[in-house]
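In: Structure for the following, please:
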Amino acid sequence: MVQLINAMTPIEEARAILADGFDLKFSKSVQKATSTVFEKVKDKIPEIEWPFFAPLIFQINRLKKEKDAVILAHNYQTPQIYHGVADIVGDSLQLAQEAAKVRQSVIVQCGVHFMAETSKLLNPEKTVLIPDSRAGCSLAASITAEDVVAMRAQYPGVPVVTYVNTSAAVKAVTDVCCTSSNALDIVNAVEGDTVIMIPDQFLAQNTAKKTHKKIITWAGACEVHETFTAQDIAELRHAYPTAKIIAHPECPPEVIAAVDYAGSTAGMIDWVKTQRPARVVMVTECSMSDNVASETTGVDFLRGCNICPHMKRINLENILWSLHTGTEEVTVDPAIIEPARAAVRRMIDFSKKGD
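Out: Numbers count the residues shown, from 1 in each chain. This is a model prediction of the structure:
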């Protein structure tokens, strides 16, 4: 049985295991090879800590070429992953779109499990790895395929629009997937004046405010975004009166009503880079703010965020171990691959039409 290095493995133990097969010393060659990465993250990672991360980044970037692997990383990954080893970065829609086009034989998904499943659906012939399979999602865990079947029975003929933050089994019993960036367009595009939109109740409620259609919701929520309140926004405005406050539509409607802009992960990034406010608070996951700050000059990023504990299960140590050992491989039941992939493909195809 192959030993696993995951987020619960003490860092000292993980590095000791890795040191058996990899040189993790901070040499001049490693420093030179990772210098451009450090320039991007030096405001977020102190120089004194860089010798700890740089050898891992160096070895991952070397090994992924040897293994014919590509690393996909969500915006919520830490800066050392996002800027250091990722080949493709983005939100759920962007990663799905790019996963459908990768040429490498191995995909390492630095995100949560449903994202790795989505990559597998789009690349059933490729090996898809996730460095820690316990990297889950409160939204994906909130609903099952049986729940969706029961809703279909309760509302016969009503189309089901399912957030991509769900398991492959749930996707297999849905009509079309969506992300926060295209949810409104897809809801408006499906037939009928009533839509089942699952599982994020707040994304559904915020979408309902912008469409004439009736939306039937499910009581799921993202644990990163559901805890934000209108009082939080009021306190942020009091603390930072000149700052612009932007939020993700997985936040409750009263939060969305109180901010200056609400949009998907990609939408928030585009807004900051286009509008270039002097000061901004991104009401979302903390690493996303760090990563955008590293790519954006002249904007002061202020804290008003939550940490996603699931995303943070992924670290440089288990990425290197995953590449080295081929663990943990993500599989999908062959019986559901085709219908689940069809729902994702419809989302991607629709997004292409909107470009």
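In: Report how many residues lie close to the nearest residue to Ala96 once chain neighbours are set aside.
Out: The shortest distance from Ala96 to any non-neighbouring residue, by C-beta to C-beta, 6 or more residues apart in numbering, is to Thr118 (5.4 Å). Where C-beta positions appear, they are placed from N, C-alpha and C, glycine not excepted. A count of nearby residues for Thr118, using other C-beta atoms under 10 Å, gives 32.
In: Quick check, Thr118 in contact with Glu98.
Out: No. Thr118 lies out of contact with Glu98 (C-beta atoms under 8 Å); the separation is 11.0 Å.
In: Now for Gly192: which residues touch it?
Out: Counting by C-beta atoms under 8 Å, 6 or more residues apart in numbering, Gly192 touches 157-159, 213.
In: Show me the strands in the stretch 1-150 of the chain, by range?
Out: Using DSSP state E, counting those that start in this stretch, the strands assigned to the stretch 1-150 of the chain run over residues 69-74, 88-90, 106-110, 127-129.
In: meant to ask about the stretch 151-300 of the chain, not that
Out: Using DSSP E, counting those that start in this stretch, strands in the stretch 151-300 of the chain cover 160-163, 176-178, 194-198, 214-216, 244-247, 261-262, 279-283, 300-302.
In: List the contacts of the first one.
Out: Right, the one you point to is strand 160-163. Residues from elsewhere that reach strand 160-163 (C-beta under 8 Å, 6+ apart): 139, 148, 151-152, 170-171, 173-180, 183, 186-187, 190, 195-200, 203, 343.
In: who touches stretch 119-126?
Out: Outside stretch 119-126, the residues that touch it by C-beta under 8 Å, 6+ apart are 72, 95-96, 99-100, 102, 104-107, 109, 128, 168, 171, 330-332, 337, 340-341, 344-345.
In: So, low pLDDT: which residues of this structure?
Out: Counting by pLDDT under 70, the chain contains low-confidence residues at 1-3, 7-8, 352-355.
In: domains for it, by residue range?
Out: With domains defined by automatic domain parsing, the chain comprises 11-136+310-325, 139-221, 230-302.
In: Which of the ones you listed sits closest to Leu4?
Out: Nearest to Leu4, of all the domains of the chain, is domain 11-136+310-325, at 7.5 Å by C-beta to C-beta.
In: related to what we said a few turns ago, what's the farthest-apart pair in the contacts of Gly192?
Out: Greatest spatial distance among those (C-beta to C-beta): Gly157 and Lys213, at 14.2 Å.
In: which one of the two has more residues nearby?
Out: Lys213 (16 against 8).
In: show me what contacts the more buried one?
Out: Lys213 touches 187-188, 192-195, counting by C-beta under 8 Å, 6+ apart.
In: Kindly recompute the last result at 6 Å.
Out: Neighbouring residues of Lys213 by C-beta atoms under 6 Å, 6 or more residues apart in numbering: 193, 195.
In: Please tell me how far the residue positioned nearest the centre of the chain sits from Ala116.
Out: By C-alpha atoms, centre = their mean, the mean C-alpha position of the chain lies nearest to His74, the distance being 3.9 Å. Using C-beta to C-beta, to the nearest Å, His74 is found at 11 Å from Ala116.
In: now swap in Trp50 and tell me
Out: For Trp50, the distance to Ala116 equals 29 Å [C-beta to C-beta].
In: Of those two, give the one with the bigger neighbour count.
Out: Comparing Trp50 with Ala116 by other C-beta under 10 Å, the one with more neighbours is Ala116, at 29 against 21.
In: partners of the closest residue to the more buried one other than its chain neighbours in the sheet?
Out: Among residues not flanking Ala116 along the chain, Gln109 sits closest, at 3.8 Å (C-beta to C-beta, 6+ apart). Beta-bridge partners of Gln109, counted by DSSP bridges, are Leu72.
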